[in-house]
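K.L.:
3D model of this:
(2 chains)
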2 protein chains.
Amino acid sequence: MGKLLIVGTVAFDAIETPFGKTDKILGGAATFIGLAAAQFSLESAIVSIVGDDFPQSYLDLLKNKGIDISGIEIVKNGKTFFWKGKYHNDLNSRDTLITDLNVLADFDPKVPANFKDADVLMLGNLHPSVQLSVIQQMEEKPKLIALDTMNFWMNNTLAELKEVIRHTDVITINDEEARQLTNEYSLVKAAQKIQSMGPKYVVIKKGEHGALLFHDDDVFFAPALPLEEIFDPTGAGDTFAGGFVGHIAETENISFHNLRNAVIHGSNLASFCVEKFGTERMQHLSKEEVSRRLNQFKQLTQFDIELQ
Amino acid sequence: MGKLLIVGTVAFDAIETPFGKTDKILGGAATFIGLAAAQFSLESAIVSIVGDDFPQSYLDLLKNKGIDISGIEIVKNGKTFFWKGKYHNDLNSRDTLITDLNVLADFDPKVPANFKDADVLMLGNLHPSVQLSVIQQMEEKPKLIALDTMNFWMNNTLAELKEVIRHTDVITINDEEARQLTNEYSLVKAAQKIQSMGPKYVVIKKGEHGALLFHDDDVFFAPALPLEEIFDPTGAGDTFAGGFVGHIAETENISFHNLRNAVIHGSNLASFCVEKFGTERMQHLSKEEVSRRLNQFKQLTQFDIELQ
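P.N.:
Numbers count the residues shown, from 1 in each chain, chains lettered A, B, ... in the order given. Predicted structure coming up:
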């Protein structure tokens, strides 16, 4: 049972999909990562920032999941980061309608003393210099540093992003971002290039088409569970990342073999996240449901061809 | 060791990809299906039509793979079906530049007497009334009738296509076609609707994103092998179908369990097809190469999470 430190946004989301819309609800990368990781036996903490408009009930929700929230700074008279987005009919793309950085604009992360020795550090999507600051605050190098990022930072802060990438062991990135970062269309070649930039493991997320884990010349593939209906994709990538690092922190094992299982856990949890708006499904997810769906993943992918 | 009857085009293709272009080379759905199926222990025959401009060397190539070509009609003074296409840079889409039906316009298929009792009938992409004619010529119902088709027939001969679909046990179709045929965006729902139209098995091909096999409430997923370079996607879907029915004909087993293995064999062979232009890679493919890559598929997808 290891320690997992999560850095990322804790935020308000307002979401519109073909199936409905929400007012401001609980969102943010660190929130989704934390809720997914809470499915595992581990100690976890979130480093983030919110305004005093952020409901205590949301903070309690995270606390009640066993997440240490002492690293979530509450800014007096500050407003919490707010994102509003609208998904297109196929749910594969979306328009961002509002991004109010608010207190996030001046986020100076502070790692709680008792998590400076975390086994696994998950850097959620944030400004690379914030991510780097957290790495520098660690007392000893974590067993695994995982990084999530997005095209925005490639467009605007590429040098800082590359510096963070150099310090990480595994990067989770979507297919288009992997192509943009490397100028390679082939994901196999893109993953090779990214490995040469630092991370020994590369996870490329393909949304409804699953995720690929690369390490040296090895590759592992976790499908997304085919669902009748995807209700709201918000947070699916972060939930994937949370399941991924959650399993690694629980097992304290960073072998390729164990990371294969970790991407399955990530895919499994992400398949729940998309079934309801925001964090709704993840708030009330039982171990039995998780276990039953893991069995579906096994049925989905396992075959028994005898090799000669 | 069962009997496999293949109906489909034997044709000339001219292909342009970002990596190069070809003059008229050997192509056609039945050709790719037959070459893939030739990797298995079975008796196979092709029913098709060509003109007398079709080189004897191409016919010999099929014959030397053990395929019965007595059902390939050669039309005197006729010209062979010709397709010319150009792939876009991402290789995921293409423009058809030329489609010369030629002798295919009046194709009246004749099933050889010794294949009217075939165990597996593979109906390659063709006019549905041609496919139906072949079904009607069978002396007894094959253990499995598999159908491939495309959006062209949905747009132009939907009633006839639905009649053929009613008579088939498994349909192989790509994701966009499945959506068009059913007006369902969700592939899970699309597969359910297609099952209600006749086939008890539905295979949805997603190109580089793999293939899904549906049966009642069960689903199985075969990934596509992540490749450094896709050289020419022509024939990949037909090669997949050939590996799929080839395995079924060899094993004479149409259980869902065995069909899972069949889609893996299909994906495996398709991964070779795209490595060179047209049929080039499939012409000289050894059992050792096939077996080695099956092992890669196992490495790609198998995991060992213990379920509680």
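
K.L.:
can you pull the contacts of A:His247?
P.N.:
A:40, A:258, A:261-262, A:265-266 (C-beta atoms under 8 Å, 6 or more residues apart in numbering or on different chains). All C-beta atoms are positioned from the backbone trio N, CA, C, and that covers glycine.

K.L.:
what's the closest of these to chain B?
P.N.:
Using C-beta to the nearest C-beta, A:Asn261 is the member of the contacts of A:His247 that sits closest to chain B, with 5.1 Å.

K.L.:
what about the closest one, which SS state?
P.N.:
At A:Asn261 the chain is in helix, as set by DSSP: H, G, I helix; E, B strand; the rest coil.

K.L.:
Quick one: low-confidence residue ranges for the stretch 201-308 of chain A.
P.N.:
Residue ranges of the stretch 201-308 of chain A with pLDDT under 70: A:307-308.

K.L.:
Enumerate the residues of it near chain B.
P.N.:
A:206, A:209-210, A:212, A:218-221, A:223, A:226-230, A:260-261, A:264-265, A:291, A:294-295, A:298-305, A:307-308 (C-beta under 8 Å from any C-beta of the partner chain).

K.L.:
Of the residues you listed, which belong to strands?
P.N.:
Taking DSSP state E, the ones among these that sit in strands are A:212, A:218-221.

K.L.:
if we can go back for a sec, counting neighbours, which of the residues of the stretch 201-308 of chain A next to chain B end up buried?
P.N.:
Among those, the ones that count as buried by 16 or more other C-beta atoms under 10 Å in any protein chain shown are A:206, A:209-210, A:212, A:219-221, A:223, A:226-227, A:230, A:260-261, A:264-265, A:294, A:300-301, A:303, A:305.

K.L.:
ranges for the strands of the stretch 151-300 of chain A?
P.N.:
Per DSSP state E, counting those that start in this stretch, the stretch 151-300 of chain A carries strands over the ranges A:170-174, A:201-205, A:211-215, A:218-222.

K.L.:
Nearest to A:Val134, out of those?
P.N.:
Of all the strands of the stretch 151-300 of chain A, strand A:170-174 sits nearest to A:Val134, with 15.5 Å by C-beta to C-beta.

K.L.:
any idea of the mean pLDDT in the closest one?
P.N.:
Averaging pLDDT along strand A:170-174 yields 96.

K.L.:
From the contact counts, what lies against it?
P.N.:
Judged by 3 or more C-beta pairs under 8 Å, 6 or more residues apart in numbering or on different chains; DSSP states H and E, strand A:170-174 is in contact with strand A:144-148, strand A:201-205, helix A:236-251.

K.L.:
Who are the packing partners of the second one?
P.N.:
Right, strand A:201-205. strand A:170-174, helix A:175-182, helix A:187-196, strand A:211-215, helix A:236-251, helix A:256-273.

K.L.:
Could you find the closest non-adjacent residue to the residue in the stretch 51-200 of chain A that chain B sits nearest to?
P.N.:
Nearest to chain B in the stretch 51-200 of chain A, going by C-beta to the nearest C-beta, is A:Val188, at a distance of 4.6 Å. Closest residue to A:Val188 apart from its sequence neighbours, by C-beta to C-beta, 6 or more residues apart in numbering or on different chains: B:Glu228 at 4.6 Å.

K.L.:
I'd assumed A:Ser186 was in contact with the one you found.
P.N.:
Yes. Taking C-beta atoms under 8 Å as the definition, B:Glu228 is a contact partner of A:Ser186 at 5.6 Å.

K.L.:
Show the contacting residues for A:Lys276.
P.N.:
Contacts of A:Lys276 (C-beta under 8 Å, 6+ apart): A:231-232.

K.L.:
If you could redo that for A:Phe32, that was the one I meant.
P.N.:
With C-beta under 8 Å, 6+ apart as the criterion, the residues that contact A:Phe32 are A:235, A:238-239, A:242, A:273, A:279, A:282.

K.L.:
One more: A:Ile25?
P.N.:
By C-beta under 8 Å, 6+ apart, the residues touching A:Ile25 are A:12-15, A:277-279.

K.L.:
so what's A:Phe19 closest to, chain neighbours aside?
P.N.:
In space, A:Phe19 is closest to A:Phe231, 5.6 Å off (C-beta to C-beta, 6+ apart).

K.L.:
secondary structure class for A:Glu73?
P.N.:
Three-state assignment for A:Glu73 (three-state DSSP): strand.

K.L.:
thinking it is in contact with A:Ile46, fair?
P.N.:
No. Here A:Glu73 does not reach A:Ile46: they are 10.7 Å apart, not a contact under C-beta under 8 Å.

K.L.:
Between the two, tell me which one has more neighbours.
P.N.:
The residue with more neighbours, out of A:Glu73 and A:Ile46, is A:Ile46; 30 against 17, by other C-beta atoms under 10 Å in any protein chain shown.
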